[in-house]
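Colleague: sequence first, predicted model second:
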Amino acid sequence: MRFGVDRSLENKNGAKEESEGAGDQGMMFGFATDETEDYMPMPIYLAHKLAKRLTQVRKEKIIDYIRPDGKVQVTIEYEKDKPSRIDTIVISTQHNSDIDMDKLKSDIKEYVIKPIVPAELLDDKTKYYINPTGRFVIGGPLGDSGLTGRKIIVDTYGGYSRHGGGAFSGKDPTKVDRSAAYMARFIAKNIVANGLAKKCEIQLSYAIGIAQPISIYVDTFGTGTIPDGEIVKKIRKTFKLTPRGIIESLDLRRPIYKKTTNYGHFGKKDLPWEQLIKLN
């Protein structure tokens, strides 16, 4: 998405002021659920925690033979819309060339998975795929060429919620692909945190040259304590949803984006769109 100026207006003093509209059309989604402390879906919540642990055991030399490239995936079964058990954990990590694969698998289970994953979610049917394709010695830019890193699903909700398709990485906050997705998360999280729903998805739609979103859609998946339409009214009353209003509300013109370069863009308490507010 681009951010543009759609027209100039005369104010009462005769001076011209700019009214900024969205630079392109598009839809942005935000999501929150009460199933984890960070209001994130359990699968992506655990995947990020495992990925962080994988980095920790490498840097602290708890497992001294693994290398920087690695990735994690968690599959969870739900019963009555609640996480009930972990079906599969996939972890692939780069390693030194001389390592024994059985030792690698044992160490990853003992020092990465066991400290992070709640034991009550594991059972004798849980499947563990650790380096399932075998040895993983060449990684990083040497292993994959081309532009990578714009991982829109791992950056958001792990596929649990819908996504408008726009990447965040490489875009400044004037681009509604990024800033409106942050605002949608901010709204959804506060709807859940304020007890208006147990799960909430927000969709904001923008049209080129139009400052206000052309639609606001709320889905609480039957968990709302008030009708979804009433939640929309609260959103319109409480939140500034123009491109400029989002930037000002979340104070996005600051050097805060380094924190989003790993382990996703959401669920990190020190980012502005993760702050909790009181909704009236």
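Modeller: Nice, I can see it.
Colleague: checking the spatially most central residue of the chain next. Helix, strand or coil?
Modeller: The centroid of the chain falls nearest to Thr156 when counting by Cα atoms, centre = their mean (2.4 Å). Classification of Thr156 using DSSP: H, G, I helix; E, B strand; the rest coil returns coil.
Colleague: burial count for the closest residue to it other than its chain neighbours?
Modeller: In this structure, Thr156 finds its nearest non-sequential neighbour in His163, 5.9 Å apart by Cβ to Cβ, 6 or more residues apart in numbering. All C-beta spots, glycine's among them, are computed from the backbone N, C-alpha and C. When counting by other Cβ atoms under 10 Å, one arrives at 17 neighbours for His163.
Colleague: and His163, how far from Val232?
Modeller: Taking Cβ to Cβ, to the nearest Å as the criterion, His163 is separated from Val232 by 21 Å.
Colleague: list the contacts for Ile113?
Modeller: Contacts for Ile113 (Cβ atoms under 8 Å, 6 or more residues apart in numbering) come out as Leu50, Ile89, Ile91, Tyr128.
Colleague: mind listing what the second one touches?
Modeller: When you say that, I think you mean Ile89. Leu50, Val72, Gln73, Val74, Thr75, Ile113, Val117, Thr126, Lys127, Tyr128, Tyr129.
Colleague: hmm, back to that, and the contacts of Ile113, which is closest to Tyr257?
Modeller: Of all the contacts of Ile113, the one sitting nearest Tyr257 is Leu50; the distance, using Cβ to Cβ, is 23.6 Å.
Colleague: which residues touch the nearest residue to Ile99 once chain neighbours are set aside?
Modeller: Setting aside the residues directly before and after it, Ile99 is nearest to Tyr65 in space (Cβ to Cβ, 6+ apart), at 4.9 Å. For Tyr65, the set of contacting residues under the criterion of Cβ under 8 Å, 6+ apart consists of His95, Asn96, Ile99, Leu104.
Colleague: and the residue lying closest to the second one once chain neighbours are set aside, how far from Tyr217?
Modeller: Among residues not flanking Asn96 along the chain, Tyr65 sits closest, at 4.4 Å (Cβ to Cβ, 6+ apart). Summarising the geometry, the distance separating Tyr65 from Tyr217, computed by Cβ to Cβ, is 49 Å.
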